[in-house]
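J.: Return a 3D structure for these sequence lines:
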Amino acid sequence: MTLIEESVKLILQHQASTGAYLASPAFVHYQYAWLRDGTFTAYAMNRIGKHESARKFYQWCNDVIRKHETKARTAISAVKNGLDKNDAGRDRFLHTRYTADGEEVAGEWGSFQLDGYGTWLWGLAEHVRMSGEHDLIHELKPSIELTIDYVVACWQLPNFDCWEEGGDRIHPVTLGAIYAGIKVMEPYLPERAFELAQQGETIRQFIREHGTANGRLIKSVGDPSVDASLLWLALPYGIVDVNDPLMIRTVQAIEEELRAGHGVHRYPADTYYGGGQWLLLSAWLGWYYVKTGRREEAEKIAAWIVSQRQASGLPEQVQEHLLSPAHYEMWVERAGHPAVPLLWSHAMFLVLAAELGIPY
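T.: Sure thing, here's the model as predicted:
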């Protein structure tokens, strides 16, 4: 079985009957569903024509939003009534991960995170574009509009980044997700198109003014370090073009500080499981290389990802070049061995394979 075939099989196998994708079935801390990586998994399924799987996921997103509608509206009202920006009174906001049935997950990790809410809107529009299921927008419109209202109200509040860290800061990648979600809905909500266009431009300008330093994009407002997730601002969020000087210099920093061989680390100070190389980020860099005419490098990354395949699938990260080796055993003792398989790793391999034209 090729890795493409195995990836599809694993993703379908671990999609709950509700439509949720469980992030990593064998890793206790990831036996939940995230809007963000679930959306990228759905996008991967769309890329290979498995539209039914993706549709079920977006219907699950709709169910989650509807289930927590009262909480979302209460949060929107609190912000509009002058909630202190430093009072992310964290549980007043929607969570970032849910059970397969759409229930909130209690735990030590930060729950106030906005990137998934922008990302699911972007992914839904991509699903409609690739599948032709335009009626789905109408079917899910109440959840779409509530999500837009929620992210528009909250985007200037500090919240956790895509790694569930930095909850006291504002992150360009999170803003990019919100921007993308708002922009893709403009043609589907003509009565709000002008408002959404204005809001999107405000966010784009904010990133340009506060989310850059030294000619490149930065990890967080006030933190000029580089983070490999900044690739997402070009692909797929589209806040900058792949050939924008800002992105070119950002990628150069990723290559210089975060790439080791064909593997890509998250950010320089990462200590989670020793700060290994994340396969999904390596695939993302490969995606960028395809888009910028560096196909041979992308093919090498794809081959490297295949070489990291384990008996149970692709891991979240590998330990070939740890940034902080002393932290690896600490995490193993605390939470067990790193997640294998990680559905998001398989999903991004599928996206890279699709970009390279490898047939399924």
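
J.: Now do the buried residues in stretch 159-176.
T.: Buried positions in stretch 159-176, judged by neighbour count with 16 or more other Cβ atoms under 10 Å: 159-167, 169-176. (Glycine included, C-beta is placed from N, CA and C.)

J.: Keep only those of the residues you listed that are in helices.
T.: Counted as lying in helices by DSSP state H, out of the buried residues of stretch 159-176, are 172-176.

J.: Below-threshold pLDDT in the stretch 101-250 of the chain: ranges please.
T.: Scanning the stretch 101-250 of the chain with the threshold set as pLDDT under 70 gives 108-110.

J.: mind listing the helices for it?
T.: Taking DSSP state H, counting those that start in this stretch as the test, the helices found in the stretch 101-250 of the chain are 115-131, 135-139, 141-154, 172-184, 193-210, 245-257.

J.: how about those helices in JSON lines, adding distance to E52?
T.: Listed next are these as JSON lines, based on distance: least, Cβ to Cβ, whole Å:
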{"stretch": "helix 115-131", "distance to E52": "9"}
{"stretch": "helix 135-139", "distance to E52": "12"}
{"stretch": "helix 141-154", "distance to E52": "20"}
{"stretch": "helix 172-184", "distance to E52": "21"}
{"stretch": "helix 193-210", "distance to E52": "29"}
{"stretch": "helix 245-257", "distance to E52": "34"}
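
J.: Which one, of those, ends up nearest to G238?
T.: Among the helices of the stretch 101-250 of the chain, the nearest to G238 by Cβ to Cβ is helix 172-184 (6.1 Å).

J.: can you give me the angle the closest one makes with helix 141-154?
T.: Orientation check (axes from the mean of the first three to the mean of the last three Cα atoms, to 10 degrees): helix 172-184 against helix 141-154 gives 140 degrees.

J.: count of neighbours near D241?
T.: Neighbour count of D241, defined by other Cβ atoms under 10 Å: 12.

J.: Ramachandran angles for it?
T.: The phi/psi pair for D241 (degrees, to the nearest 10) reads phi -80, psi 150.

J.: Now do stretch 276-293: distance to the chain's middle.
T.: Offset of stretch 276-293 from its chain centre (Cα atoms, centre = their mean, to the nearest Å): 14 Å.

J.: ok, now stretch 169-179?
T.: When C-alpha coordinates are averaged (Cα atoms, centre = their mean), stretch 169-179 and its chain have centres 11 Å apart.

J.: just stretch 18-34 next, same as before
T.: Mean-position distance between stretch 18-34 and its chain equals 15 Å (Cα atoms, centre = their mean).

J.: so which of the ones in helices among the buried residues of stretch 159-176 comes closest to I137?
T.: Of these, the one sitting nearest to I137 (Cβ to Cβ) turns out to be G176, at 21.9 Å.

J.: closest to Y272 among the ones in helices among the buried residues of stretch 159-176?
T.: Set against Y272, the nearest of these by Cβ to Cβ is V173 (17.0 Å).

J.: wait, doesn't the closest one sit right on D227?
T.: Yes: in this structure, V173 is within contact of D227 by Cβ atoms under 8 Å, at 7.2 Å.

J.: which residue ranges form the strands in the stretch 1-150 of the chain?
T.: Ranges of strands in the stretch 1-150 of the chain, per DSSP state E, counting those that start in this stretch, are 33-34, 97-98.

J.: do you know which of the ones you listed lies nearest K71?
T.: With Cβ to Cβ as the criterion, K71 lies closest to strand 97-98 of those, at 12.4 Å.

J.: helices and strands around that closest one, which ones?
T.: strand 33-34 (3 or more Cβ pairs under 8 Å, 6 or more residues apart in numbering; DSSP states H and E).

J.: mind listing what the strand it packs on pairs with, with the direction of each?
T.: Sheet pairing for strand 33-34, assigned by DSSP bridges, gives strand 97-98 (antiparallel).

J.: Name the residues that touch the strand it pairs with?
T.: With Cβ atoms under 8 Å, 6 or more residues apart in numbering as the test, strand 97-98 has contacts from 20, 23, 32-34, 64, 104-105, 109, 111.
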